[in-house]
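**Q** Curious how this folds, go ahead:
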Amino acid sequence: MAFIEAKDGTSLHVKDMGQGKPVVLIHGWPLTGDMFEYQTLALLEAGCRVITYDRRGFGQSGHGASGYDYDTFADDLAAVLDELTLDNVTLVGFSMGGGEIARYLSRHGAARIAKVALVSSVVPYLLKGSDNPDGVDESVFDTMKAQIREDRFAFLQDFAKQFYGVGFISSPVSQGILDWSFLLGAMASPKATVDCIDAFGKTDFRPDLASFTVPTLIIHGTADKTVPIDPSGKAAAAGIPSAEFIEYDGEPHGLFATAPTRLNDDLIRFIG
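**A** Model prediction:
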């Protein structure tokens, strides 16, 4: 099945591969479900059924003018689970994909869910404020939106370097991965690219943490400059007392590509 229809009629591009324990991989901004290339191969070879999908507005899913909020994203995830009749499923959310998991659990419950993993996730709350002093200043998000409006393609090229921790000295990924990431990001709707900054940057998932009633794995890089670990990974671990929290020392945001073997091993162990 290539496409699933969301409840508002938006088409969601889905890839459903393999047999075994079902694992749904939920991608980060501004990429597509194809970002999980390393994880998909490893999970398939470990005997899992792997499902990826493009978030609305990204990749080959429908590019509407609105609907870029987490209630809608969570309902899209529910549509994928329903259409594919998935039960006892493990959800893995990378970056803004962690928000889908949090909001899905609070809106739809955990009856179909076996386990969840938050990888470099924005949960529970990124925006800096008096009650979230370790968060990201709103001006950072405003600057990102302005740069995208001015030259989205230049922004995507620069953003990828921070995403993977590429600097004058460090080159943790190849030029090929940078080029590939640019291509995935360039497929997105410019409207979705801008609107999702407010979605992942300003949505408060702290009330959703109580809905994490299934085994939870949290993985975050200590050198993540895109989604800093303090208001995200560490705060999520504090808010979900039963969660297993693993810090990847020195790893940037895009650790699915900078530390794929370690991440794959941790996910396969967790999935069981």
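
**Q** where along the stretch 151-272 of the chain do the helices fall?
**A** Along the stretch 151-272 of the chain, counting by DSSP state H, counting those that start in this stretch, helices occupy 175-186, 190-202, 235-239, 255-258, 260-271.

**Q** tell me the most buried of those helices?
**A** helix 255-258 (a mean of 24; mean count of other CB atoms under 10 Å). In this view, the C-beta of every residue, glycine as well, is placed from N, C-alpha and C.

**Q** what's that helix in contact with?
**A** By CB atoms under 8 Å, 6 or more residues apart in numbering, the residues outside helix 255-258 that reach it are 35-36, 38-39, 94, 119-120, 164-165, 172-173, 177, 219, 221, 248, 251-252, 263.

**Q** let's go with 7 Å and repeat that
**A** Helix 255-258 has contacts (CB atoms under 7 Å, 6 or more residues apart in numbering) with 35-36, 38-39, 94, 119-120, 164-165, 172-173, 177, 221, 248, 251-252, 263.

**Q** cool, stretch 26-36 as well?
**A** Residues contacting stretch 26-36 (CB under 7 Å, 6+ apart): 15, 25, 52-55, 58-59, 77, 91-97, 100-101, 156, 181, 184-185, 187-188, 193, 196, 200, 256.

**Q** Nearest to V140 among the helices of the stretch 151-272 of the chain would be which one?
**A** helix 190-202 (8.0 Å; CB to CB).

**Q** still on that earlier bit, list only buried entries from the contacts of helix 255-258.
**A** 35-36, 39, 94, 119-120, 164-165, 172-173, 177, 221, 248, 251-252, 263 (16 or more other CB atoms under 10 Å).

**Q** Mind checking which of the residues you listed are in strands?
**A** Using DSSP state E, the members of those that fall in strands are F94, V119, G221, Y248.

**Q** The residue nearest to P172 when sequence neighbours are not counted and I26, how far apart?
**A** Of all residues not flanking P172 in the chain, T258 sits nearest, at 4.3 Å (CB to CB, 6 or more residues apart in numbering). T258 is 19 Å from I26, where distance means CB to CB, to the nearest Å.

**Q** where's the dip in pLDDT among the buried ones among the contacts of helix 255-258?
**A** Within the buried ones among the contacts of helix 255-258, pLDDT reaches its minimum at P172, with 91.
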